[in-house]
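>>> I need the structure of the sequence given here:
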Amino acid sequence: MSSLTAQTLTTDVLVIGGGAAGLAAAIEARSKGAAVTILSKSKNGYSGNSIISGAYLSLLSTRHNRTDSRALFFKDIMKSGKEVNDPRQVERFVEDSAWVLEKLSGLGVPFTKTDDTYLIKRIGGHSVGRTYPTDVSGYPYLTRGLSITAPLLKKARETGVRTIDFSPVIGLLVDDGKVCGAAAINKKDESVLLITCRSVILAAGGGGRIFLRSDNTRDITGDSYGLAWDAGAGIRDMEFVQFYPAMMSEPARLTISSALFTEGAALLNADGEQFMHRYDTSGNLATRDIMSRAAYSEIREGRGKDGRIFVDCREIGREVLDNKFPDLCKRLKSVGIDPLKNLIPVSPATHFFMGGVAVNSKGETTVPGLLACGEAVGGLHGANRLGGTALSETVASGVTAGKAAADSSAGKTIIPSSPRFEIEPFRSGALSVGELKRCVRELTWNNLAIVRSGDSIKTARSELEAIKLNLSQAAIENIQDLASFYELKNMVTVSILITEGADRRRESRGAHYRSDHPDTDDKACLGNIYFEKRGGRIHSLYEPI
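All right, here's what the predicted structure looks like:
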């Protein structure tokens, strides 16, 4: 196992991921009497994309909005997902979302209210107002999601959930075809943790950081998918990756709100031209996928500057900016940008994975003992996620998986008693793990991002296979290199699955766009692509809806 010290722990339910999904799952499993442990890649409650979210949840609550209905919410989600959503998952989510508001409120999450009445917003893609913002007062603008994760973390610890920070999972323990634990690296004391359990819940988010440009946190590198795949679980819909049209990376990392465009903001290229009208009749009010492709095309065709285009807010009045976007304006001004005077340099960025681990109604994967929730799961969002549903999904699916894990763990024996996991040895090497990561991010961005083609997919496949063959030559000289190596391994696995999905889907649908197949083909492609490992190789299956 190398010269690293090994520690062994046992628990009933092991949750991998310390964001909103993992915390919701852990709290629910603990409430059912299970002993629960959370392993977080960074710090529990501060890990993953939950904390950098807009902190608002789209959900069904006919008690607070009588104009809404299950049928209407279902219709909006399916329409946004271009009809390739799993309808059973959508039905279940719509039904479950009805208790999310009260569930979170009961766990201490504050929502914005006026005179004891919930503030409800209507955002793009929704037929009625059903989006509930949390009360983010007292939280930094860039980490508003702490309004959700901080109360959940407090509740988890109060109920006896064991939390372990800075311990990335490097593999799942599998015995006789059943997942029974995980191996992790504890960065604090530079040891290996071998944790045996009755059930494992994957809640480690998506994979935005496998691309060069992303608005995700640094720890989101496809671990959920890579761990599930290595354990033998099925994966689905990996060609569907959502991109956000306007992220500022310099002089600071900041996602520029899409709501600005409804107030009169416009995208400009380096020539000062408003270009959106050339791509869609809705202009600057087009959907995120269209705006992302337009911005990407302008940059690729030489009409950007230093890889960026610009958001122009100069036609928006100061009163509107100050009243509706005070925190954003404050943050921009702190880095020397006055949105009434200066253009905001932005570029598209990877935002969300609609695909992921295939699960049943209980959150169970195709491997016994392994469950998943949150962005780790594929199927609900189809080809394009409806705004505001990400956080409500984390809670609804987290609670479902937590309950199922606790129920299935009751009375079962923890196996094996002496777990083993073969860890990559420390070694010198001709290649740097960091350099290989950079190569993966560049090739995915250049070949598998917003605009794809048969040629770019072929290039990606060839280069990814070369990187996969070179993994054994990567230098692993310390504990940080070791953790980074397994992160790289997951990045390669996920990138290959995206490549195969993009190749199989020879049409354009939602967030998946192929320049050589620009039209949507319902006759041949109205269905889903599943992947499973057979004999160490990828086997794909197309299932019509």
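>>> so I545 sits right up against D522, yeah?
No - assessed by C-beta atoms under 8 Å, I545 is found out of contact with D522, at 9.6 Å. Any C-beta I mention is one placed from the backbone N, CA and C, and that applies to glycine too.
>>> Now do the shared contacts for those two.
E83 (C-beta atoms under 8 Å, 6 or more residues apart in numbering).
>>> Enumerate every residue touching G387.
S58, I123, G124, G125, H126, T131.
>>> wait, I meant A390
Applying C-beta under 8 Å, 6+ apart, the residues near A390 are S53, F352, E375.
>>> quick check, nearest of those residues to A25?
E375 (13.1 Å; C-beta to C-beta).
>>> Quick check: the spatially most central residue of the chain vs S31, distance?
The centre of the chain sits closest to G206, judged by C-alpha atoms, centre = their mean, with a distance of 3.2 Å. Counting by C-beta to C-beta, to the nearest Å, the gap from G206 to S31 is 27 Å.
>>> what's the answer for L371, then?
In terms of C-beta to C-beta, L371 sits 16 Å off from S31.
>>> more crowded one of the two?
L371 (32 against 15; other C-beta atoms under 10 Å).
>>> what's near enough to touch that one?
Per C-beta under 8 Å, 6+ apart, neighbours of L371: S199, V200, I201, L202, V359, K362, G363, E364, T365, A401, A404, A405.
>>> Now intersect these with the strands, please.
With strands taken from DSSP state E, the overlap with those comprises S199, V200, I201, L202.
>>> beta partners for V36?
Under the criterion DSSP bridges, V36 forms beta bridges with V13.
>>> From S361, how far out is it?
From V36 to S361 the distance is 22 Å (C-beta to C-beta).
>>> What average pLDDT does stretch 510-525 get?
Mean per-residue pLDDT for stretch 510-525: 97.
>>> Also stretch 269-278?
96.
>>> List the contacts of that stretch.
266-268, 282-284, 286, 291, 294, 298, 303-305, 309-310, 312.
>>> Out of these, which is nearest to S409?
Distances from S409 to the contacts of stretch 269-278, taken by C-beta to C-beta, are shortest for M291, at 45.5 Å.
>>> show me what contacts that closest one?
Applying C-beta under 8 Å, 6+ apart, the residues near M291 are P245, A246, L267, M276, N284.
>>> Just the closest of those residues to I529, please.
For the contacts of M291, the nearest to I529 is P245 (25.7 Å; C-beta to C-beta).
>>> out of everything not next to it in sequence, what's closest to that closest one?
M291 (3.8 Å; C-beta to C-beta, 6 or more residues apart in numbering).
>>> Are we agreed that the one you found is in a helix?
Yes - secondary structure of M291 (DSSP: H, G, I helix; E, B strand; the rest coil): part of a helix.
>>> Could you report the pLDDT at it?
In this model, M291 carries a pLDDT of 92.
>>> Please list all residues in contact with C313.
So, once contact is read as C-beta under 8 Å, 6+ apart, C313 ends up touching L260, G264, A265, L321, P339, L340, I344.
>>> would you list those in TSV and tack on neighbour count, pLDDT and secondary structure?
TSV is the format used below for the contacts of C313 (neighbours: other C-beta atoms under 10 Å; pLDDT from 0 to 100; DSSP: H, G, I helix; E, B strand; the rest coil):
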residue	neighbour count	pLDDT	secondary structure
L260	23	91	helix
G264	14	92	coil
A265	23	94	coil
L321	20	93	helix
P339	22	95	coil
L340	13	93	coil
I344	21	97	strand
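>>> which SS class is R218?
For R218, the secondary structure call by three-state DSSP comes out as coil.
>>> The contacts of G387 in strands, which ones?
Reading strands off these with DSSP E, I get S58, T131.
>>> Show me what the lengthiest helix in the chain is packed up against.
Taking DSSP state H as the criterion, the chain has its longest helix at helix 479-504. Counting contacts by 3 or more C-beta pairs under 8 Å, 6 or more residues apart in numbering; DSSP states H and E, helix 479-504 is packed against strand 169-175, strand 178-186, helix 223-230, helix 433-447, helix 454-470, strand 527-534, strand 537-544.
>>> Run the angle between the shortest one and helix 479-504 for me.
The one in question is strand 169-175. Note on geometry: by axes from the mean of the first three to the mean of the last three C-alpha atoms, to 10 degrees, strand 169-175 and helix 479-504 are set 70 degrees apart in direction.
>>> swap in the fifth one?
Using the same axes, to 10 degrees, the inter-axis angle of helix 454-470 relative to helix 479-504 is 150 degrees.
>>> give me the low-pLDDT residue ranges for the protein?
Residue ranges of the chain with pLDDT under 70: 1-3, 414-419.
>>> domain ranges for it?
5-52+99-111+139-238+352-409, 244-349, 433-544 (automatic domain parsing).
>>> What is the end-to-end distance of the longest one?
With C-alpha to C-alpha, to the nearest Å as the measure, the first residue of domain 5-52+99-111+139-238+352-409 is 29 Å from its last.
>>> centre of the chain versus it, how much separation?
11 Å (C-alpha atoms, centre = their mean, to the nearest Å).
>>> cool, the shortest one as well?
Computed by C-alpha atoms, centre = their mean, the separation of domain 244-349 from the middle of its chain amounts to 23 Å.
>>> in the stretch 51-200 of the chain, which spans are helices?
70-80, 87-97, 100-106, 146-158 (DSSP state H, counting those that start in this stretch).
>>> Just name the most buried of those.
helix 146-158 (a mean of 22; mean count of other C-beta atoms under 10 Å).
>>> Tell me which other helices or strands it touches.
For helix 146-158, the packing partners by 3+ C-beta pairs under 8 Å, 6+ apart are helix 20-31, strand 162-164.
>>> Tell me which residues of the longest helix of the chain come out buried.
Neighbour-count burial for helix 479-504 flags 479, 481-504 (criterion: 16 or more other C-beta atoms under 10 Å).
>>> One more: stretch 166-183?
For stretch 166-183, by 16+ other C-beta under 10 Å, it's 166-174, 178-183.
>>> And stretch 38-52, by the same measure?
Quick answer for stretch 38-52 (16+ other C-beta under 10 Å): 38-42, 44-52.
>>> and those, which of them are in strands?
Per DSSP E, those map to strands at I38, L39.
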